[in-house]
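> Could you look at this predicted model? Sequence included:
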Amino acid sequence: SQQGEEDPQALSIQEGENATMNCSYKTSINNLQWYRQNSGRGLVHLILIRSNEREKHSGRLRVTLDTSKKSSSLLITASRAADTASYFCATESRDDKIIFGKGTRLHILP
Amino acid sequence: SQTIHQWPATLVQPVGSPLSLECTVEGTSNPNLYWYRQAAGRGLQLLFYSVGIGQISSEVPQNLSASRPQDRQFILSSKKLLLSDSGFYLCAWSGTFSGNTIYFGEGSWLTVV
């Protein structure tokens, strides 16, 4: 069953703008991860945030986690054409299973 | 370093035919192994999850099965494919500790005709 739900399903922004994607989940988690998928390829890990963390940065990526609201956000600053991809959140539940959401398709316009 | 291999990359199979997708991991021991399916333009659905040899958890009822004959080998099978089995199948592994990253293979495109 799906655990995470990303929002929006699709997002188009101009190059240079910031992109924000959200993820909501249902049950208690150990951690939450964000992944990126280029069309027709495997997923690549971007960043992990643990349940006791509230914010994490990695380069142009900023992830927040609000366990009280069971939600997370991924912010990509100063977007580039190469950021065009699908982005997925994945939650690790207490029984160590990792479940992915449906993803957000991000399109950076030149 | 760890690597994951998944094959075949592309497969076109008739309805009712059998299926075997294979995945192997190198450079680590006792990994957690996963099979996911992704329908066109959709999210990932967890199909099977294994924490050790012979230990398989099935997440959704279906006509697919999985086996783990060796520590770093994970096989997805079907005796008779359905049209609805078409999709992009991804094998993945992670360490056995909480908070481990999942590493994905490049995927297998299955088209059932």
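Looks like it came in fine.
> ok, the residue positioned nearest the centre of chain B - contacts?
The centre of chain B sits closest to residue B:35, judged by C-alpha atoms, centre = their mean, with a distance of 3.0 Å. By C-beta atoms under 8 Å, 6 or more residues apart in numbering or on different chains, the contact set of residue B:35 is B:21, B:23, B:46-48, B:66, B:74, B:76, B:89-92. To be clear about C-beta, it is placed using only N, CA and C from the backbone, and glycine gets the same treatment.
> For residue B:84, give me the backbone phi and psi.
Here is the backbone geometry of residue B:84 (degrees, to the nearest 10): phi -70, psi -10.
> Poorly predicted segments of chain B, please.
Along chain B, segments meeting pLDDT under 70 span B:41, B:61, B:98-99.
> which bits of chain A sit near chain B?
Listed as neighbours of chain B in chain A under the rule C-beta under 8 Å from any C-beta of the partner chain: A:1-2, A:6, A:30-31, A:33, A:35, A:40-45, A:48, A:50, A:88, A:90, A:92, A:96-103, A:105.
> These in strands, which ones?
Residues of the residues of chain A next to chain B located in strands (DSSP state E): A:6, A:30-31, A:33, A:35, A:43-45, A:48, A:50, A:88, A:90, A:92, A:98-100, A:105.
> Buried ones from the residues you listed, can you make that a PyMOL selection?
Per 16 or more other C-beta atoms under 10 Å in any protein chain shown, the buried members of these correspond to this PyMOL selection:
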select buried, chain A and resi 6+30+31+33+35+43+45+48+88+90+92+98+99+100+105
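> picking that back up, which strand residues bridge the residue nearest to the centre of chain B?
Here residue B:35 shows beta-bridge partners residue B:48, residue B:91, assigned using DSSP bridges.
> List the residues that contact residue 48.
Defaulting to chain A. Contact analysis of residue A:48 by C-beta under 8 Å, 6+ apart lists A:31-34, A:56, B:99, B:101.
> let's do chain B instead
Residues counted as contacts of residue B:48 (C-beta under 8 Å, 6+ apart) are B:34-35, B:56-59, B:64, B:66, B:74, B:76.
> Just the buried ones from the residues you listed?
B:34-35, B:56, B:59, B:64, B:66, B:74, B:76.
> What residues does chain B have near chain A?
Counting by C-beta under 8 Å from any C-beta, the residues of chain B near chain A are B:32, B:34, B:36, B:41-46, B:49, B:51, B:57, B:59, B:88, B:90, B:92, B:94, B:98-99, B:101-107, B:109.
> For the residue of chain A positioned farthest from its centre, report the pLDDT, please.
In terms of distance from the mean C-alpha position of chain A, residue A:110 ranks first, at 22.6 Å (C-alpha atoms, centre = their mean). Turning to residue A:110, the model gives it a pLDDT of 89.
> How about residue A:64?
For residue A:64, the predicted pLDDT is 98.
> hang on, it in a helix?
No - going by DSSP: H, G, I helix; E, B strand; the rest coil, the assignment for residue A:64 is strand, not a helix.
> list the contacts for it?
Contact analysis of residue A:64 by C-beta under 8 Å, 6+ apart lists A:49, A:54-55, A:72-73, A:75.
> Beta-bridge partners for residue B:6, please?
residue B:23.
> so what's it up against?
Residue B:6 neighbours (C-beta under 8 Å, 6+ apart): B:21-23, B:90-91, B:105-108.
> again with residue B:2
B:25-28, B:93, B:103.
> Looking at those residues, which one is closest to chain A?
Of all those, residue B:103 has the smallest distance to chain A: 7.3 Å, by C-beta to the nearest C-beta.
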